[in-house]
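K.L.:
could you look at this predicted model? Sequence included:
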Amino acid sequence: MTISKMAWLGGVALAAAVAWAVPVAAQTAKPAQIVVNASGGAQAAALRKSFYEEFEKRFGIRVVDSSPPDMGKLRAMVTTGNIEWAVTELNVEDAMLAQEQGLLEPIDPKIVDRSRFPANLQGRTHIFTRSAYSTVMGYRNDIFPAGKRPTTWADFWNVKDFPGPRAMQNSPIDNLEFALIADGVDKDKLYPLDVERAFKKLDQIKPHVTVWWTTGAQSAQLLIDKEVVLGTAWNGRYYAAIQQGAPINMEWNQAGIKESAFVIPKGAKDAHWAQQMLSVMTDPKLQGIYANIVTYPGLNLDATQYTDPKIQPFLPTHKDNLSRQWWQDVDWWVKNGKTMQDRWSRWVIAK
């Protein structure tokens, strides 16, 4: 889910050109197991309960999970032909780059039925949008009691009225947008991003960010351990902590909502069974089970009827949450991601 993997590596053109021909018979022969690579943590258990167990039941093939998503490793696998993963998660920007570079198998519409997905997602040729998730603000409610809680990114930047150490992801994605919103830009008028203005605003909060987190599990644990009192995280990470009794609240106002992408590496020897895994992931009942566990809703429009009403307020697509958020402009990040990542990498270590 980080943009760090978006860095262009040597041999991209070669990776895009390499075509590892795998006979059809080898692709459809039933293997003992397949590997699905995703983000790990609470998500891994939810994927297993909702999708992997059903896949194993239907096809008699064991699912081995691994983590984390890694664009560089995907490229290396395809380039060498040593492909470990049948399916892997990528952030949607990396997924689009992977498609452009010829690193992905096309999705077979005869197997993967997305007819009940939003129209703009049905035509994706190589990218399967498995769920939606949001980057939200979180805070300790024992530090900020009712009536004195941060609700905007301007509040996050306001260290006088909301004192204490902060944590943010070590990535320009989301942080540039949060900075602009904190500086007064309307959330519906973010793009194209005013990069100079965003980094100038980030300069103000940088001394108060004591941890730049790199994994989803770390983002929530920082608040749990009281290492920080304010932070950012993917909504499911905070939800899992809240369910375990952590004194954490998350704020949906001005949160950034985006897609979670799953793809099949080009030349995967078990590509047929990877298609079957994606097919299982379209099932609205199974998507409902997944959302009930980690609050990342699937994109099948029938899935909401299978979601626990108590869980729905914690979903980024819930009607009370969706209108308060902004959708990430994937095209902008695909075009500008490498430049932004290079600048971010220099900025975050600069004194």
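P.N.:
Nice, I can see it.
K.L.:
when you work out contacts or count neighbours from here on, use the C-alpha atoms and nothing else.
P.N.:
Noted.
K.L.:
following the one helix or strand G288 maps to, which helix or strand shows up next?
P.N.:
Applying DSSP states H and E as the criterion places G288 in helix 284-294. Using DSSP H and E, the helix or strand that directly follows helix 284-294 along the chain is helix 319-322.
K.L.:
follow-up on the earlier one: same for the helix holding G288, what does it pack against?
P.N.:
Here helix 284-294 touches helix 42-47, helix 235-243, going by 3 or more CA pairs under 8 Å, 6 or more residues apart in numbering; DSSP states H and E.
K.L.:
okay if I get these as a markdown table plus distance to N300, mean neighbour count and mean pLDDT?
P.N.:
Formatted as a markdown table, the helices and strands packed on helix 284-294 follow (distance: least, CA to CA, whole Å; neighbours: other CA atoms under 10 Å; pLDDT from 0 to 100):
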| stretch | distance to N300 | mean neighbour count | mean pLDDT |
| --- | --- | --- | --- |
| helix 42-47 | 16 | 19 | 90 |
| helix 235-243 | 19 | 21 | 92 |
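K.L.:
tally of neighbours for M168?
P.N.:
Burial measure for M168: 20 neighbouring residues, criterion other CA atoms under 10 Å.
K.L.:
distance from the helix or strand that contains it to the middle of the chain?
P.N.:
Counting by DSSP H and E, the element that carries M168 is strand 166-169. Strand 166-169 sits 17 Å away from the centroid of its parent chain (CA atoms, centre = their mean, to the nearest Å).
K.L.:
show me what it is packed against.
P.N.:
strand 209-213, helix 216-224, strand 230-234.
K.L.:
among those, which is the most enclosed?
P.N.:
strand 230-234 (a mean of 25; mean count of other CA atoms under 10 Å).
K.L.:
avg pLDDT for that one?
P.N.:
Here strand 230-234 scores 97 as its mean pLDDT.
K.L.:
cool, and stretch 183-195?
P.N.:
The model assigns stretch 183-195 a mean pLDDT of 97.
K.L.:
for it, buried residues please.
P.N.:
For stretch 183-195, burial by neighbour count (16 or more other CA atoms under 10 Å) applies to D183, K187, L190, L193.
K.L.:
out of these, which one sits closest to Q312?
P.N.:
Checking those against Q312 by CA to CA gives K187 as the nearest, at 23.5 Å.
K.L.:
do you know how far that closest one is from E177?
P.N.:
8 Å (CA to CA, to the nearest Å).
K.L.:
element containing the residue lying closest to D331 once chain neighbours are set aside, please.
P.N.:
Leaving aside its sequence neighbours, D331 sits nearest to E93 (CA to CA, 6 or more residues apart in numbering; 7.9 Å). Assigned by DSSP H and E, E93 falls within helix 92-100.
K.L.:
tell me how far that helix is from the chain's mean position?
P.N.:
Per CA atoms, centre = their mean, the centroid offset for helix 92-100 relative to its chain is 13 Å.
K.L.:
give the buried residues for it.
P.N.:
In helix 92-100, counting by 16+ other CA under 10 Å, buried: V92, E93, D94, A95, M96, L97, A98, Q99.
K.L.:
after that helix, heading C-terminal, what element do we hit next?
P.N.:
Immediately after helix 92-100, counting by DSSP H and E, sits helix 119-122.
K.L.:
helix or strand with the lowest mean pLDDT in this protein?
P.N.:
Lowest mean confidence among the helices and strands of the chain (mean pLDDT, DSSP states H and E): helix 12-17, at a mean of 41.
K.L.:
so P163 sits in a strand?
P.N.:
No: counting by DSSP: H, G, I helix; E, B strand; the rest coil, P163 falls outside a strand, being coil.
K.L.:
that one and N175, how far apart?
P.N.:
Taken as CA to CA, the span from P163 to N175 is 19 Å.
K.L.:
show me this structure divided up by domain.
P.N.:
Here the domain parsing of the chain from automatic domain parsing is 3-132+259-326, 135-257.
K.L.:
take the ones you listed and lay them out in CSV including distance to K338.
P.N.:
Putting those into CSV (distance: least, CA to CA, whole Å) gives the following:
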stretch, distance to K338
domain 3-132+259-326, 6
domain 135-257, 10
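K.L.:
now for these, which one comes closest to R346?
P.N.:
Using CA to CA, those put domain 135-257 closest to R346, at 11.3 Å.
K.L.:
isn't P172 right up against D342?
P.N.:
No: the pair P172 and D342 does not pass the contact test of CA atoms under 8 Å, sitting 9.5 Å apart.
K.L.:
out of these two, which sits in the busier spot?
P.N.:
Ranked by neighbour count (other CA under 10 Å), P172 and D342 place P172 first, with 23 against 13.
K.L.:
what does the average pLDDT come to for stretch 279-297?
P.N.:
Stretch 279-297 carries an average pLDDT of 94.
K.L.:
measure it end to end?
P.N.:
Using CA to CA, the two ends of stretch 279-297 sit 16 Å apart.
K.L.:
going forward, begin numbering at 407 instead of 1
P.N.:
Okay, using 407 as the starting number, the last item reads as stretch 685-703.
K.L.:
what about N497, distance to L453?
P.N.:
Applying CA to CA to N497 and L453 gives a distance of 17 Å.
K.L.:
least reliable of the domains of the chain going by mean pLDDT?
P.N.:
Of all the domains of the chain, domain 409-538+665-732 has the smallest average pLDDT, which comes to a mean of 87.
K.L.:
distance from the chain centre to the lengthiest helix in the chain, please.
P.N.:
Determined from DSSP state H, the single longest helix within the chain is helix 736-755. Distance of helix 736-755 from the chain centroid (CA atoms, centre = their mean) equals 17 Å.
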